[in-house]
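Q: okay, sequence plus prediction incoming.
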Amino acid sequence: MMFWDSGKAPAAVEDFDIDWTVALNGDTITASSWAITGGDAPASGTLAITSNSFTTTLAKVVLSAGNLGITYTLTNTVTTAAGQTLVESVQLPVRAPVVSLTTLANALQWLGLTADDDGYVSRVLATISTEIQNWLGFQVAQASYSRSFDGQGTSKFFVPDIPLVSVQSLTIDGVTIPKGVNGTYRPGFYNNNQSINLIGFFFTRGFQNIQAGYTSGYQTVPPDIEQACLDWTKNVYLSGKQVSIPSNIVRVAAGDTSFDYGGSGSVTDVTKLPMPSGIYAVLQNYRRVTQISGW
């Protein structure tokens, strides 16, 4: 099964395609149809096929809507001039659009610039914001999620989006679990900033048998994460704006814009520097661990 790793945002209307060139082996497409064969249909806000088209080798589909956190499966069936029927399925995750970890104004100030005439700073800022949040394992900005999970037979479940602010709904094996009352020991669900905890119930073992609606993330980006984004953006901006930098460089400090050199070395073209150790030291304090279930 194929996977459209780029995903789509719930509000976006985007086109996707499957290139059948190799499977066709010289044949051509004469008809193409798409169907959504996996996801959360018929739930409200589910993924929808807006239109589809094809060329002699490419099958295209335009998609709208979709619920955050759901991975949908689409199946494309094509008919060829030689009478073949080819079928391929592909998965598409619906993700929140990545939110920048700082503003363009802050980035320009940190870089000592007054304008982003060529859009280069904006592109670097968007890339670094994405890289940081991918490395952290969650989206920093607060957002609401509707996700399905596999039950592991535990009474505690660690959600992938942190910090967990509140849980609006929880269903296990089709049974709606009531919200517990804090300060009591009544049956229901409770949550801390990382996990959903049950009293009187269990996250029974099963495949995608848990449906949870919850809110996670920070209302405002923590200052040290924002500064790490600014520092890394400056680091990448400076390296990208240079034609080349010497390979004997031993330190690049984004905050004070300094380069230290040691020994001999040749000049090497670069387009991007890796995460500096100082930025790593800050971000590792927020990185999500992989644990998703508990006792």
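A: That came through fine. Since the structure is predicted, the reported quantities are computational estimates derived from the model, not experimental observations.

Q: for Trp135, what are phi and psi?
A: The phi and psi torsions at Trp135 (degrees, to the nearest 10) take the values phi -70, psi -40.

Q: sorry, that was for Asn106
A: phi -70, psi -40.

Q: ok, how many other residues are close to the residue nearest to it when sequence neighbours are not counted?
A: Excluding the flanking residues, the one nearest Asn106 by CB to CB, 6 or more residues apart in numbering is Leu230, at 6.5 Å. Yep, even glycine has a C-beta here, placed from its N, CA and C like the rest. When neighbours are defined as other CB atoms under 10 Å, Leu230 has 23 of them.

Q: what helices or strands is the helix or strand harbouring Leu230 leaning on?
A: Using DSSP states H and E, Leu230 falls within helix 223-241. With contacts taken as 3 or more CB pairs under 8 Å, 6 or more residues apart in numbering; DSSP states H and E, helix 223-241 sits against helix 104-111, helix 120-136, strand 249-253, helix 277-283.

Q: in the stretch 101-250 of the chain, where is pLDDT below threshold?
A: 240-250 (pLDDT under 70).

Q: again, 50 this time
A: 243-247, 249 (pLDDT under 50).

Q: which one of the helices and strands packed on helix 223-241 lies nearest to Gly153?
A: helix 120-136 (28.6 Å; CB to CB).

Q: let's have the helices and strands packed on helix 223-241 in CSV, adding distance to Lys234 and mean neighbour count.
A: Formatted as CSV, the helices and strands packed on helix 223-241 follow (distance: least, CB to CB, whole Å; neighbours: other CB atoms under 10 Å):
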stretch, distance to Lys234, mean neighbour count
helix 104-111, 6, 16
helix 120-136, 9, 18
strand 249-253, 9, 14
helix 277-283, 11, 15
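
Q: redo the ones you listed as a markdown table? Include distance to Ile210.
A: As requested, these are exported to a markdown table (distance: least, CB to CB, whole Å):
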| stretch | distance to Ile210 |
| --- | --- |
| helix 104-111 | 39 |
| helix 120-136 | 24 |
| strand 249-253 | 45 |
| helix 277-283 | 30 |
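
Q: among those, which is nearest Met1?
A: Of the helices and strands packed on helix 223-241, nearest to Met1 by CB to CB is helix 120-136, at 22.5 Å.
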